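Novice: mind looking at a prediction? Sequence and model below.
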Amino acid sequence: MAFDIEMIKKVYDNMAVRVNDARKVVGRPLTLTEKILYSHLWDGEAKQAYGRGVDYVDFAPDRVACQDATAQMALLQFMHAGKKTVAVPTTVHCDHLILAKVGAEKDLAVAKQQSSEVFDFLSSVSDKYGIGFWKPGSGIIHQSVLENYAFPGGMMIGTDSHTVNAGGLGMLAIGVGGADAVDVMSGMGWELKFPKLIGVKLTGKLSGWTAPKDVILKVADILTVKGGTGAIVEYFGEGATSMSCTGKGTICNMGAEIGATTSTFGYDDSMRRYLSATGRQDVVDAADKVAAHLTGDPEVYANPEQYFDQVIEINLSELEPHINGPFTPDRGTPVSKMKEEAAANNWPIKVEWGLIGSCTNSSYEDMARAVSIVNQAVEHGITPKAEFGINPGSEQIRYTIERDGMIAAFEKMGTKVFTNACGPCIGQWDRAGADKQEKNTIVHSFNRNFSKRADGNPNTHAFVTSPEMVAALAISGRLDFNPLTDTLLNDKGEEVRLTAPYGDELPKKGFDVDDNGFQAPAEDGSSVKIVVDATSDRLQLLEPFEPWDGKNITGAKLLIKAFGKCTTDHISMAGPWLRFRGHLDNISNNMLIGAVNAYNQKTNAVKNQLTGEYDAVPAVARAYKAAGIPSVVIGDHNYGEGSSREHAAMEPRFLGVKAVLVKSFARIHETNLKKQGLLGLTFANEADYDKIQEDDTINFIDLVDFAPGKPLSVEFVHADGSKDVILANHTYNAGQIGWYVAGSALNLIAAEA
């Protein structure tokens, strides 16, 4: 069985008690977010958290989900925790290590051959510790979770930032690093800074070319990539209830792009329909009994300003299709404005590729709406001007759309059907000609469009839009094509206007699949042997990080002062580097190679103070480490935004970095740094960033007095002998300082096993 109905019933029984208790203590109506948070508080912490007047709080998630690239490091850490089996239901999904190149069948076969060592490792570890294993080709983790595990009112964590996708089924689903997942898999509470609440009121109804994707593209334009940091976004209103469940999932998915902790929607008929269609009528029956607890109280939605820290209102009836980008997902352009924006910014007008899929937009409805545009092109004799590719979200989706004729329709237009996997969305795309680094434009329905992310070419201008708009723009071959007003020429020279897309929310014949790719764990995994070859370049057993020696850090060297945007893609790139995600030494050779050095505006070129020469960032870090010299990384705003990539914290720790001092952090990355025993600090005065010089030596003056709420004094000694002492803030509580003292959170877990 894909879900545990008895577990879900217990969650609902607990929710009924906790929500009523919370109302008594708080004395006011509750948002949906509060109801789920309060009902998942770790035992004994309930009353102190009611009222949102607290800092860090421990929670008890119901599930853990890991994708194959991050699962390697998470499970390597879990092996050190000393546990016989996972304490909560956990799954591993093989979706990242499959390169898109030729097409599904050949690409999957190549991936299975090239990554067999990793897949076998994940399968055996899953067998041993009671973890469900989804084989390569089974689907993208977040679509699989939505189809099989997500349920209204639940809480889950996942080792991928887009875990938040499950908010489309009314969960609080949150992306975390592997060490956080290990806590929960080990039976411990999961710590989260209690979030602010952002309410998004949706009025009106989507129609025509406007899709659920446009809602989050508009929200991203309003809030920017850091506007949701430290907050949970709750969508409500008539517009929310009028959308499909998978459409809600798309909106929640891209909440990661505004830095939100997660996003969610209240339980409604669209969720009932989706649960029933995916074989979970039992969940519907259980949820209906506590339906009042699975949405915000009516008073909240009637007067949202009284209950949310921020409220945004969007009229769906007036919302235009959006095309966001390039190089950042929060630069929004309504389709009617693209012609003038593209011209003003000299963006390449010719669209080279259109790509549909990823965890964001790979549902049955997404494929159906896109294929309705493709069918029009074929029927009217319109030849597509750009290349076109799709990634179905799961084997269940692929099997069903093939049965319903959609695959054949896509292929009539020359579409490449890639594997049920992430593919180009995460840089797993062998794009012909990308190595030439020519300036070009692609459009896709993915979530992120940072420089070099899809194809490794820094000059690829990637724009994010809905699946139906991707289809229209790819067919027209122009970024400035507006399907609402513009026409296309067919093979007879006739002008044709595309009509608005249409697609069934759910398949009329129901979902179908032959083999969904799931492997249940062994009933008793105690005899399962896990073998890691000592000579492997893909997998490496972990050694515990050294604990803090209790002394001030002195004589540290500046490794890099990163300028501007520095995402986890810049800190630890994906693409070809994914193959090393289970080998900490090898993956560390990509540390910060994408970050821009503030002193020369170059990437992967920093000064080695021991030689005076410029070298690659990892090489300089290794030189300092070999000499027994600690190093420090300096960063700009929203440092570490993007993926939940734990490697972006583990690599600096492994290569001798002791502290990361920035203007501000993205939530997940700051937590990951803390978990790995690093100092994650922020400038008390952001202007102090400018005082730091290339040849600085760094001393921590009062680290020996490290305590909650107490800023640290850091001395920067310049090459001319002058000094600047600055204050660095931190958000460590007593427990997190315990992680630092022990050398990592994992060291504490292992010591208590």
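Specialist: All right, it came through fine.

Novice: isn't Ile373 right next to Leu473, touching?
Specialist: No - counting by Cβ atoms under 8 Å, no contact exists between Ile373 and Leu473, whose distance comes to 10.0 Å. Any C-beta I mention is one placed from the backbone N, CA and C, and that applies to glycine too.

Novice: neighbour count winner among those two?
Specialist: Legend: neighbour count by other Cβ atoms under 10 Å for Ile373 and Leu473, higher for Leu473 (29 against 26).

Novice: contacting residues around that one?
Specialist: Contact analysis of Leu473 by Cβ atoms under 8 Å, 6 or more residues apart in numbering lists Ile323, Val351, Gly354, Ala386, Val443, Thr465, Leu479, Phe481.

Novice: give me the low-pLDDT residue ranges for this structure?
Specialist: Applying pLDDT under 70 to the chain flags residues 1-3, 44-54, 753.

Novice: what is the top helix by length along it packed up against?
Specialist: Counting residues, the longest helix found in the chain (DSSP state H) is helix 5-26. Applying 3 or more Cβ pairs under 8 Å, 6 or more residues apart in numbering; DSSP states H and E, one finds that helix 5-26 contacts helix 32-39, helix 46-49, helix 281-289.

Novice: so what touches it?
Specialist: Against helix 5-26 from outside (Cβ under 8 Å, 6+ apart): 29-30, 34-36, 38-39, 41, 46-47, 50-51, 62, 89, 151, 153-154, 282-283, 286-287, 289-290, 293.

Novice: among these, which ones are buried?
Specialist: 29-30, 34-36, 38-39, 41, 46, 50, 62, 89, 151, 153-154, 282-283, 286-287, 290, 293 (16 or more other Cβ atoms under 10 Å).

Novice: so what's the most centrally placed residue in the chain closest to, chain neighbours aside?
Specialist: Geometric centre of the chain, nearest residue: Ser161, 2.1 Å, by Cα atoms, centre = their mean. Among residues not flanking Ser161 along the chain, Gly175 sits closest, at 3.9 Å (Cβ to Cβ, 6 or more residues apart in numbering).

Novice: now do Lys416
Specialist: Lys416's closest residue in space is Gly389 (Cβ to Cβ, 6+ apart), at 4.3 Å.

Novice: the one you found - that's part of a strand, no?
Specialist: Yes - Gly389: assigned to a strand according to DSSP: H, G, I helix; E, B strand; the rest coil.

Novice: okay, and the beta partners of it?
Specialist: Gly389 has the following beta-bridge partners by DSSP bridges: Leu355, Lys416.

Novice: before we move on, back to that, buried residues in the longest helix of the chain, which are they?
Specialist: Ile8, Lys9, Val11, Tyr12, Met15, Arg18, Val19, Ala22, Arg23.

Novice: sorry, back to before: could the contacts of Leu473 be laid out in a markdown table, adding distance to Ile222?
Specialist: A markdown table is the format used below for the contacts of Leu473 (distance: Cβ to Cβ, whole Å):
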| residue | distance to Ile222 |
| --- | --- |
| Ile323 | 16 |
| Val351 | 26 |
| Gly354 | 26 |
| Ala386 | 30 |
| Val443 | 22 |
| Thr465 | 17 |
| Leu479 | 23 |
| Phe481 | 25 |
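
Novice: farthest-separated two in these?
Specialist: The span of the contacts of Leu473, defined through Cβ to Cβ, is set by Ile323 and Ala386 at 14.3 Å.

Novice: between these two, point out the one with more neighbours.
Specialist: Between Ile323 and Ala386, counted using other Cβ under 10 Å, the more crowded position is Ile323 (28 against 20).

Novice: next, that one: secondary structure please.
Specialist: Going by three-state DSSP: Ile323 is strand.

Novice: burial count for Ser414?
Specialist: To be clear, residue 414 is Gly; Ser isn't right here. Neighbours around Gly414, by other Cβ under 10 Å: 11.

Novice: and the residue nearest to the centre of the chain, how far from Gly167?
Specialist: Noted for Ser161: a distance of 13 Å to Gly167, by Cβ to Cβ, to the nearest Å.

Novice: and for Asp4?
Specialist: Distance of Asp4 to Gly167, computed by Cβ to Cβ: 20 Å.

Novice: who's in contact with His647?
Specialist: His647 neighbours (Cβ under 8 Å, 6+ apart): Met73, Ser572, Arg581, Leu584, Ile587.

Novice: closest one to Arg369 out of these, please.
Specialist: Lowest distance from Arg369 to those (Cβ to Cβ) belongs to Arg581, with 33.9 Å.

Novice: go ahead and confirm the closest one touches Ala69.
Specialist: Yes - here Arg581 reaches Ala69: they are 4.5 Å apart, a contact under Cβ under 8 Å.

Novice: Met469: which of the buried residues of helix 5-26 is nearest?
Specialist: The shortest approach to Met469 among the buried residues of helix 5-26 belongs to Ile8, at 36.7 Å (Cβ to Cβ).

Novice: now stretch 386-403, how far from the chain's geometric center?
Specialist: 22 Å (Cα atoms, centre = their mean, to the nearest Å).

Novice: nope, stretch 515-535 is what I was after
Specialist: Taking Cα atoms, centre = their mean, the mean C-alpha location of stretch 515-535 is offset from the chain mean by 26 Å.

Novice: same check, this time on stretch 272-279
Specialist: Relative to its chain's centre, stretch 272-279 lies at 25 Å (Cα atoms, centre = their mean).

Novice: and for stretch 551-568?
Specialist: Distance, centroid of stretch 551-568 to centroid of chain: 25 Å (Cα atoms, centre = their mean).

Novice: just the buried residues of that stretch, please?
Specialist: Neighbour counts over stretch 551-568 (16+ other Cβ under 10 Å) mark 552-553, 556-563, 565-568 as buried.

Novice: between the residues you listed, which is closest to Glu238?
Specialist: Lowest distance from Glu238 to these (Cβ to Cβ) belongs to Thr567, with 35.9 Å.

Novice: for that closest one, what are its contacts?
Specialist: Residues in contact with Thr567, defined by Cβ under 8 Å, 6+ apart, are Phe450, Gly640, Glu641, Gly642, Ser643.

Novice: swap the cut-off to 7 Å and go again
Specialist: Shown in contact with Thr567 (Cβ atoms under 7 Å, 6 or more residues apart in numbering): Phe450, Glu641, Gly642.

Novice: how close does the residue nearest to the second one when sequence neighbours are not counted sit to Thr568?
Specialist: Meaning Glu641. Residue nearest to Glu641 in three dimensions, not counting chain neighbours: Ala666, with 4.1 Å by Cβ to Cβ, 6+ apart. Note on Ala666: its distance to Thr568, by Cβ to Cβ, is 8 Å.

Novice: overlap in contacts of these two?
Specialist: In contact with both Ala666 and Thr568: Gly640, using Cβ under 7 Å, 6+ apart.

Novice: now the helices: where do they sit in the stretch 201-350 of the chain?
Specialist: For the stretch 201-350 of the chain, helices defined by DSSP state H, counting those that start in this stretch occupy the ranges 212-223, 238-241, 245-253, 269-277, 281-289, 298-302, 338-345.

Novice: run the chain-centre distance for the last one.
Specialist: Read that as helix 338-345. With Cα atoms, centre = their mean, you get 30 Å for helix 338-345.

Novice: ok, and what's touching it?
Specialist: Applying Cβ under 7 Å, 6+ apart, the external contacts of helix 338-345 come out as Ile323, Thr333, Ile349, Leu479, Asp480.

Novice: any chance of these in a markdown table, with distance to Ile314 too?
Specialist: Below are these laid out as a markdown table (distance: Cβ to Cβ, whole Å):
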| residue | distance to Ile314 |
| --- | --- |
| Ile323 | 17 |
| Thr333 | 16 |
| Ile349 | 29 |
| Leu479 | 24 |
| Asp480 | 25 |
